[in-house]
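A.B. asks: Fold the following and give me the result.
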Amino acid sequence: MGMGLAEGWWGTVQALDKEDEERQIAGLHLASSLVHDGRYAESEVKCREVRAVQQRMSGPASDLAMDVAQILAHALGCQNKHTEAEEIIREVLAKQRELLGAEHPDTLETLMSLGRILSRQGKLDDGLATFRKLRTVQERVLGA
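C.D. replies: Numbers count the residues shown, from 1 in each chain. Model (predicted):
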């Protein structure tokens, strides 16, 4: 069997200095590949590592920090760690609303993720309200 996508990124991550931006980007791709491969616990570990370094390097509102936070939330949700996943998604959503605006496509995608997480926790009314809010914004923005 050939080398998986995650293993390909692992070599790149190991080859770069820990505080190097390229290593952090490679770490993000590794974490995403691990999620894709269904290796959620491994992705969680890599996300936490990248997130800690990225927050020291660029702060919690950098694009990379927000991207890795979303992957971490996804990995957590896939492990039924929905409470922590919700907290992380809410943090990302607040930063995106502040920096990008409430109608930015990235913000709307994160809002959709929040709706999914709420629904998975059995918070169906909150999840439905989130999806309705998303639909209202999409209709206003897209005219659909």
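A.B. asks: Low-confidence stretches in this structure?
C.D. replies: Within the chain, the segments meeting pLDDT under 70 span 1-19, 60, 144.
A.B. asks: What residues sit buried inside stretch 71-88?
C.D. replies: 71-78, 81-82, 85-86, 88 (16 or more other CB atoms under 10 Å). C-beta coordinates here come from the backbone N, C-alpha and C atoms, glycine included.
A.B. asks: Now do the end-to-end distance for it.
C.D. replies: Stretch 71-88 has an end-to-end distance of 10 Å (criterion: CA to CA, to the nearest Å).
A.B. asks: In contact with the residue nearest the centre of the chain, which residues?
C.D. replies: Centroid-nearest residue in the chain: Gln70, 0.9 Å away (criterion: CA atoms, centre = their mean). Counting by CB atoms under 8 Å, 6 or more residues apart in numbering, Gln70 touches 88-89, 92, 110, 113.
A.B. asks: for the buried residues of stretch 71-88, which one is nearest Arg39?
C.D. replies: Ala75 (8.8 Å; CB to CB).
A.B. asks: That closest one in helix, strand or coil?
C.D. replies: With DSSP: H, G, I helix; E, B strand; the rest coil as the basis, the three-state label of Ala75 is helix.
A.B. asks: What residues does it make contact with?
C.D. replies: So Ala75 contacts 31, 34-35, 40-41, 43-44, 47 (CB under 8 Å, 6+ apart).
A.B. asks: repeat that with 10 Å
C.D. replies: By CB atoms under 10 Å, 6 or more residues apart in numbering, the residues touching Ala75 are 31-32, 34-35, 39-48, 81, 85.
A.B. asks: All set, thanks.
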